[in-house]
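# Quick one: sequence and predicted model below, then my questions.
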Amino acid sequence: MVKIPLRTLVSLFRRLLPTHFSLPPLTAATFPRIALVLTLLAVMLGAGSGLYVRSRRPQPRTAATPPSAVADLAGALPTIAAPLPADSLLSRAAPPGGDLPAQASSRGERPTATPPPTATPPPTATPLPTTTPPPTATPLPTATPLPTATPTPAAPAIVTYTVVEGDTVTSLAERFGVSVETILWANELDSSATLQPGQELTIPPVSGVLHTVQQGDTLDGIAQAYGIDAAAIAQANNLDGAAALSEGQVLIIPGGRPLIEATAAASAPPSAATANKGAEIVAIARQYEGYAYVYGGSSPATGFDCSGFAQYVCAQAGITLPRVAADQVYAGPSVSQSELMPGDLVFFQNTYGAGVSHVGIYVGGGLMIHASTPERGVCYDALDGAYWVQHWYGANRPWA
């Protein structure tokens, strides 16, 4: 079909038609004009139809199978024993996406757009298996420490002291916690001696005397000679009871007196007057049974402590004693426990304090009377009680 631009047809139509259109009379002369007008109308209608067709969107054509693909397919058919399923043939001609191209409708409709393939989500990463922690190691049982051996306490040391200006025997006795007699006996001094600066003195660690072991001495023999219990001597010198003594060894005799005085006191039998004095002391002491114990007390009005009771009772019998037990132990000749008489003073160590720290009055029959504790006051106790046996120190006779 000849396509004439619309602008050219409109211009031609205006030239052929009169300004005021009117139907001419139908005569033989007007037929050619009418035919021309109809022709022009047909041309215009044709042009308009072409414009409509041009305005429509061209329809997609179905892609033809390439000749090479058809030849390949034809050549492969004879070699296949069994016919391939339809799905297999379609899959061969399908594009890489896996879908056949959409076919256009026979009525010229737009083909339905094939939706893009749904993206396959990436496979979920398989979590790594949880590592099972290794079992906690069972701690090894704590080894029970071996019991620590209790060190044997060292024997109290004997001190060598160099005198300085202003020293006296009394001041040194107070400084070292021993009696004045202990310093005098250890250094063979008399009570009127004056100390000189630079002079060296031997100071025993406890009140008593020093004994130098001679050939043939035994612990029991020394204890008997000084009238002191052998256990007290062994404890003061940290001795095993079975240990042999060495000649020249210096022993501390706690509560002892020089050997000449001790021998004389032990060898002299008690007189009747002496025995009566002991009985007098016991009789006075019994009057205060049940009185209160008061630390520092020394009279019935205030109450008694142990040394205050012994001092007060002896004073009523006319015998003067020092105030504290550590000094009272030197107020008379020592006697052994087997030689005790009523009225003798008995001493104990390491009770509420170190060293000689308690005193009682022996009443006979293995009993003593003493100011005991705040709960018991002045009362009786047996010397063979476990506590008093453990703390026994010695005895003396201040009324001899």
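Looks like it arrived, so ask away.

# From now on I want contacts and neighbour counts done on CA atoms only, so please keep to that.
Noted.

# Can you give me every residue that contacts Asn350?
Neighbour list for Asn350: 356-357, 391 [criterion: CA atoms under 8 Å, 6 or more residues apart in numbering].

# between those, which is closest to Val324?
Val324 has its nearest neighbour among the contacts of Asn350 in Ser357, at 8.3 Å by CA to CA.

# Any figure for the gap between Gln199 and Ser171?
According to CA to CA, to the nearest Å, Gln199 and Ser171 sit 15 Å apart.

# do Ala292 as well
Going from Ala292 to Ser171 by CA to CA gives 34 Å.

# who has more neighbours, the two?
More neighbours sit around Ala292 than around the other of Ala292 and Ser171, counting by other CA atoms under 10 Å; the figures are 23 against 12.

# Which residues are in contact with the more buried one?
Residues in contact with Ala292 (CA under 8 Å, 6+ apart) are 303-304, 371, 374, 376-378.

# what about 6 Å?
303, 377 (CA atoms under 6 Å, 6 or more residues apart in numbering).

# For it, give me the backbone phi and psi.
phi -70, psi 150 (degrees, to the nearest 10).

# For Ala315, see how far away it is.
Using CA to CA, Ala292 is found at 19 Å from Ala315.

# What strands line up against the longest strand along the chain, and which way round?
What stands out as the longest strand in the chain, according to DSSP state E, is strand 356-364. When pairing is defined by DSSP bridges, strand 356-364 lines up against strand 345-349 (antiparallel), strand 367-371 (antiparallel).

# Make a markdown table out of these and add mean neighbour count, mean pLDDT and distance to Pro333.
Listed next are these as a markdown table, based on neighbours: other CA atoms under 10 Å; pLDDT from 0 to 100; distance: least, CA to CA, whole Å:
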| stretch | mean neighbour count | mean pLDDT | distance to Pro333 |
| --- | --- | --- | --- |
| strand 345-349 | 24 | 95 | 11 |
| strand 367-371 | 25 | 95 | 19 |
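
# how about low-confidence regions in the chain?
1-7, 9-10, 12-30, 47-156, 191-192, 241-243, 259-275 (pLDDT under 70).

# so can I have JSON lines of the strands paired with strand 356-364 showing distance to Asn238?
Listed next are those as JSON lines, based on distance: least, CA to CA, whole Å:
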{"stretch": "strand 345-349", "distance to Asn238": "15"}
{"stretch": "strand 367-371", "distance to Asn238": "29"}
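
# Can you tell me the closest non-neighbouring residue to Val359?
Phe347 (4.6 Å; CA to CA, 6 or more residues apart in numbering).

# what comes up buried for stretch 175-194?
For stretch 175-194, a neighbour-count test (16 or more other CA atoms under 10 Å) marks 177-186 as buried.

# Any chance of JSON lines for the residues you listed, columns secondary structure?
What follows is the buried residues of stretch 175-194, written out as JSON lines (DSSP: H, G, I helix; E, B strand; the rest coil):
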{"residue": "Gly177", "secondary structure": "coil"}
{"residue": "Val178", "secondary structure": "coil"}
{"residue": "Ser179", "secondary structure": "coil"}
{"residue": "Val180", "secondary structure": "helix"}
{"residue": "Glu181", "secondary structure": "helix"}
{"residue": "Thr182", "secondary structure": "helix"}
{"residue": "Ile183", "secondary structure": "helix"}
{"residue": "Leu184", "secondary structure": "helix"}
{"residue": "Trp185", "secondary structure": "helix"}
{"residue": "Ala186", "secondary structure": "helix"}
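
# Any chance of those in TSV with distance to Ile233 as columns?
Shown next, in TSV, are the buried residues of stretch 175-194 (distance: CA to CA, whole Å):
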residue	distance to Ile233
Gly177	19
Val178	17
Ser179	18
Val180	20
Glu181	19
Thr182	16
Ile183	19
Leu184	20
Trp185	18
Ala186	17
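
# between those, which is closest to Gly308?
Ser179 (18.5 Å).

# a helix runs through Asp381, doesn't it?
No. Read with three-state DSSP, Asp381 is strand and lies in no helix.

# how about the strands in the stretch 301-400 of the chain?
Taking DSSP state E, counting those that start in this stretch as the criterion, the stretch 301-400 of the chain carries its strands at 303-304, 334-335, 345-349, 356-364, 367-371, 378-382, 392-396.

# Give me the sheet partners of the second one and which way each runs.
Read it as strand 334-335. strand 392-396 (antiparallel).

# Give me the contact list for the strand it pairs with.
Residues outside strand 392-396 that contact it (CA under 6 Å, 6+ apart): 332-335, 344-349.

# If we use 8 Å, what do you get?
Outside strand 392-396, the residues that touch it by CA under 8 Å, 6+ apart are 228-229, 232, 255, 329-337, 340, 344-349, 356.
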